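>>> When you get a sec, could you give me coordinates for this:
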Amino acid sequence: MHKRSTLILLLLVAALAVAACGGGGGEPAAKEEPAAPAAQPQPVAAAGDATKGKELFATSCAACHGPAAEGVQGLGKDMTTSDFIAGLSDAELIAFIKQGRPIGDPLNTTGVDMPPKGGNPALTDEQLTDIVAYMRSIHK
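So this is what the prediction gives:
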């Protein structure tokens, strides 16, 4: 009787192992579609208000980048001709502004911190979208 119980137990374990591995030879319930490629982040719609963005820029960005965004030597870069800005989508630019650029960043060539959100943590995503719309409007 002991051998019979052991045999039944072994068969049960084997059946569970095959089932867990997807075996069994039955028809699949549904054919799986291949995984879609990872979606790229979509740029924030150019729905920003450049006029509002100009006002926000004046209070949050102009101290380092200048009132006309042409840069302030030793503080902030000229934004009107920046290849960096031109090479980013609106979404990427907003993410960059949110993060800022610390002195330790190898791409920081000014030697001055760019604080997150230009030092204004109260800026909302909508306001950042407006600032980006302004930046796009003045970029040559």
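
>>> What is the burial count for Gly76?
20 (other C-beta atoms under 10 Å). Yep, even glycine has a C-beta here, placed from its N, CA and C like the rest.

>>> so where is the chain shaky, pLDDT-wise?
1-46 (pLDDT under 70).

>>> Do I have it right that Gly113 meets Ile103?
Let me fix one detail, which is that residue 113 is Asp and not Gly. Yes: applying C-beta atoms under 8 Å as the test, Asp113 and Ile103 come out as touching, 5.4 Å apart.

>>> More neighbours: these two, which one.
Shown here are Asp113 and Ile103; by other C-beta under 10 Å, Asp113 has more neighbours (15 against 10).

>>> which residues does the more buried one contact?
Each residue near Asp113 by C-beta atoms under 8 Å, 6 or more residues apart in numbering is listed here: Gly100, Arg101, Pro102, Ile103.

>>> Leaving out the residues flanking it, which one is nearest to the second one?
The reference is to Arg101. The shortest distance from Arg101 to any non-neighbouring residue, by C-beta to C-beta, 6 or more residues apart in numbering, is to Met114 (4.2 Å).

>>> I figured the one you found hits Asn108, correct?
Yes: Met114 is within contact range of Asn108, at 7.4 Å (criterion: C-beta under 8 Å).

>>> Thanks a lot, see you next time.
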